[in-house]
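>>> sequence unknown, structure follows:
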């Protein structure tokens with residue numbers, strides 16, 4: 001069982017290709033944040049265990065990927081619960 005709080009500022013270009021970044025904890029948990037490559041800006045978050053199995057995954061509408069954004073993630077692996085807050089410098 002793990003409780004994870006994670007915060008990052010990032011700039012991911014919006015476009016027709018999936019672009020993103022993977023953060024790892026060293027204990028097997030990894031968090032992927034990316035745009036999903038659709039015409040509408042979205043944020044996709046996926047958490048994997050050390051064997052690569054999905055613990056939790058979710059996709060949310062997002063204001064824009066054309067500016068820096070702050071993404072805060074709260075994850076409870078035992079309860080398979082994910083909370084996400086995301087905001088840009090110009091829009092929430």
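Structure's in. What do you need? Just so it is clear, the model here is predicted, and its values are computed rather than measured.
>>> looking at this protein, which helix or strand does the model trust least?
In the chain, the helix or strand scored least confidently by mean pLDDT, DSSP states H and E is strand 30-34, which has a mean of 78.
>>> give me the helices and strands touching that strand, please.
If contacts are counted by 3 or more C-beta pairs under 8 Å, 6 or more residues apart in numbering; DSSP states H and E, strand 30-34 sits against strand 3-10, strand 20-24, strand 42-48, strand 69-76. Every residue, glycine included, has its C-beta placed from N, CA and C.
>>> could I get those strands as a markdown table with distance to residue 57 and mean neighbour count?
Formatted as a markdown table, those follow (distance: least, C-beta to C-beta, whole Å; neighbours: other C-beta atoms under 10 Å):
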| stretch | distance to residue 57 | mean neighbour count |
| --- | --- | --- |
| strand 3-10 | 15 | 12 |
| strand 20-24 | 13 | 13 |
| strand 42-48 | 4 | 19 |
| strand 69-76 | 11 | 17 |
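>>> mean pLDDT and distance to residue 61 for those strands - can I get that in TSV?
TSV is the format used below for the helices and strands packed on strand 30-34 (pLDDT from 0 to 100; distance: least, C-beta to C-beta, whole Å):
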stretch	mean pLDDT	distance to residue 61
strand 3-10	87	17
strand 20-24	81	16
strand 42-48	80	6
strand 69-76	88	13
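>>> got those strands as TSV, with distance to residue 33 columns?
Listed next are these as TSV, based on distance: least, C-beta to C-beta, whole Å:
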stretch	distance to residue 33
strand 3-10	7
strand 20-24	6
strand 42-48	6
strand 69-76	6
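>>> so which of those strands gets nearest residue 87?
The closest of the helices and strands packed on strand 30-34 to residue 87 is strand 69-76. By C-beta to C-beta, the value is 5.4 Å.
>>> quick one, that closest one and strand 3-10 angle?
Relative orientation of strand 69-76 versus strand 3-10 (axes from the mean of the first three to the mean of the last three C-alpha atoms, to 10 degrees): 170 degrees.
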